[in-house]
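Asker: please work out how this folds:
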Amino acid sequence: MSTLGGNYTPTDEALKFVAFVRATGNEENVSPEAHYKIADALFSEEEKDWNVLIECLRGMGKALALTEVVYLEDGSTKTIGDVRVGDSIYGADGKLTKVQAKSEVFIDKDTYEVVLSDGRVVTCSDDHLWNTKQRGNGKDGLTLNEKTSTTKDLYSTQQYKREVGSRNPRGVESKYYLPLATPVAYSKKTLPIDPYTLGVVIGDGSIDKASGYARVTSHNDDCTEIFSYLPYTMGRNSTSSRTSAFSGVLGIGKELKQMGLNVNTYSKFIPKAYMHSSVEDRIAVLQGLMDTDGTVDTKYSSSFCTASDKLAEDFYILCTGLGLRVYMVHKDNDHAGCYIIRIKHRGFNPFRLKRKADKVEFHKCTDYQKLKK
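Answerer: Below is the predicted model:
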């Protein structure tokens, strides 16, 4: 048996397995220590863990930049450089998986910035593997054919020519689509206020700074339905204009104040406990926000508007954590400006209010987004 770095000594099974893999086509001259540790995780009766993916016939150096971020169980983040063996991180399937080993840091690989259509950027090596859908034309119009490609492959064939038109003035189209992640499956948290109610109060509520008393204002056509979804005693309905009415939500003022939500329009935010609770709780928060401050733009997309920098950031993270495509822009106006955050419908209805929910449809390509460049 041979000893690699530190005190780690691979088992005979690991040595034989990696030797076999290298003999059948591994391009690396020396197998990283991570290869042996992963093999040990597979073969050890004490540590056997089948939740391990091995891509080793072409080498395992499918590198991401050390600055790329992963999410931990409590909703906090770590860079890949700071991740340690034994950490539990969320994978593309939305589930926690334990880090079994880390490879060495590669310093001689070509790297690329992969820009997605929603503006997110991933920095990775030229041989990083991507599961993609490749654009093609079938009998029923657009078809997407599955393919696994390296970053270098994507770079060299990322676009194809199309007829120039008003919707395509450059005459080129993205060739590849990348799958969206599954919603992050955070564990359910004990929350002080019903999550849908919290979304409604943040969206269309005014909260007294001293007492935390919350008053929700809504359109006359919507108030009865929205108030019926709130599991709290409501105050007397009052009309604030010909088109809107308001009512107090009783019994939640103390909790709102403790969470620091008794702030003005420009300082609104989503408390962390709600950002990192179960998928069901996060959808409920989103529905409360969208029922009050959301708009159905098309049958395939909707938008949310806020003047708060922090709420815009929180809303963006909430939606991406639910596996949605999200686009955010800031627009100037006569006041402090506002953020418009557009989401593509996917997997669940972002509204509970019937008149909005009934307009929502789902596109056949909803699980993918374009590789921009």
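
Asker: show me where the stretch 51-200 of the chain has its helices.
Answerer: Taking DSSP state H, counting those that start in this stretch as the test, the helices found in the stretch 51-200 of the chain are 151-156, 195-204.

Asker: now these as TSV including mean pLDDT?
Answerer: Listed next are the helices of the stretch 51-200 of the chain as TSV, based on pLDDT from 0 to 100:
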stretch	mean pLDDT
helix 151-156	83
helix 195-204	96
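
Asker: out of these, which comes closest to Cys305?
Answerer: Set against Cys305 and scored by C-beta to C-beta, these come closest in helix 195-204, at 9.8 Å. C-beta here means a position set from N, CA and C on the backbone, and glycine is covered the same way.

Asker: by contact count, what packs against the closest one?
Answerer: Under the contact criterion of 3 or more C-beta pairs under 8 Å, 6 or more residues apart in numbering; DSSP states H and E, helix 195-204 touches strand 214-219, helix 279-293.

Asker: mean neighbour count, the helices of the stretch 51-200 of the chain: which tops it?
Answerer: Most buried of the helices of the stretch 51-200 of the chain, by mean neighbour count (mean count of other C-beta atoms under 10 Å): helix 195-204, with a mean of 25.

Asker: give the next helix or strand downstream of it.
Answerer: strand 205-207 (DSSP states H and E).

Asker: quick check: Glu366 touching Val360?
Answerer: That one is not Glu; residue 366 is Thr. No: using C-beta atoms under 8 Å, Thr366 is not in contact with Val360, being 11.2 Å away.

Asker: mutual contacts of those two, please.
Answerer: His345 (C-beta atoms under 8 Å, 6 or more residues apart in numbering).

Asker: so who does the residue lying closest to Leu322 once chain neighbours are set aside touch?
Answerer: Nearest residue to Leu322, sequence neighbours excluded (C-beta to C-beta, 6 or more residues apart in numbering): Pro183, at 4.8 Å. Taking C-beta under 8 Å, 6+ apart, we find Pro183 in contact with Gly94, Val279, Arg282, Gly321, Leu322, Gly323, Gly347.

Asker: and the pLDDT for Ile193?
Answerer: For Ile193, the model assigns a pLDDT of 97.

Asker: wait, I meant Arg84
Answerer: The model's pLDDT for Arg84 equals 92.

Asker: distance check, it against Ala101.
Answerer: Per C-beta to C-beta, to the nearest Å, Arg84 is found 11 Å from Ala101.

Asker: more neighbours: the two, which one.
Answerer: Ala101 (18 against 8; other C-beta atoms under 10 Å).

Asker: wait, Leu250 sits on Met234?
Answerer: Yes: counting by C-beta under 8 Å, Met234 is a contact partner of Leu250 at 6.9 Å.

Asker: show me what contacts the closest residue to Met234 other than its chain neighbours?
Answerer: Leaving aside its sequence neighbours, Met234 sits nearest to Ser247 (C-beta to C-beta, 6+ apart; 4.9 Å). Applying C-beta under 8 Å, 6+ apart to Ser247 gives the contacts Arg215, Val216, Cys223, Phe227, Met234, Gly235, Arg236, Asn237, Ser238.

Asker: if we take those, which one ends up nearest to Pro195?
Answerer: Nearest to Pro195 out of the contacts of Ser247 is Val216 (C-beta to C-beta; 15.1 Å).

Asker: from one end of stretch 120-132 to the other, what's the distance?
Answerer: Length of stretch 120-132, first residue to last, C-alpha to C-alpha, to the nearest Å: 17 Å.

Asker: could you list the residues in contact with that stretch?
Answerer: 55, 58-59, 61-65, 67-68, 106, 109-116, 146-152, 154-155, 176-179, 371.

Asker: can you pull the buried residues of that stretch?
Answerer: By neighbour count on 16 or more other C-beta atoms under 10 Å, the buried set for stretch 120-132 is Val122, Thr123, Cys124, Ser125, Asp126, Asp127, His128, Trp130, Thr132.

Asker: the last one pairs with what?
Answerer: Listed beta-bridge partners, Thr132: Lys147 (assigned using DSSP bridges).

Asker: got the domain boundaries for the chain?
Answerer: As given by automatic domain parsing, the domain ranges for the chain are 12-98, 111-179, 195-370.

Asker: which one among the buried residues of stretch 120-132 gets closest to Ser211?
Answerer: Out of those, the member with the shortest distance to Ser211 (by C-beta to C-beta) is Val122, at 46.5 Å.

Asker: in the sheet, who's paired with that closest one?
Answerer: Applying DSSP bridges to Val122, the residues it is bridged with are Val114.

Asker: model confidence for it, exactly?
Answerer: 90.

Asker: just Ala245 next, same as before
Answerer: On the pLDDT scale, Ala245 gets 74.

Asker: quick one: residues contacting it.
Answerer: By C-beta under 8 Å, 6+ apart, Ala245 lies in contact with Thr217, Ser218, His219, Asn220, Cys223, Asn237, Ser238, Thr239.

Asker: which of the residues you listed lies closest to Thr306?
Answerer: When the contacts of Ala245 are compared against Thr306 (criterion: C-beta to C-beta), the nearest one is Thr217, at 15.6 Å.
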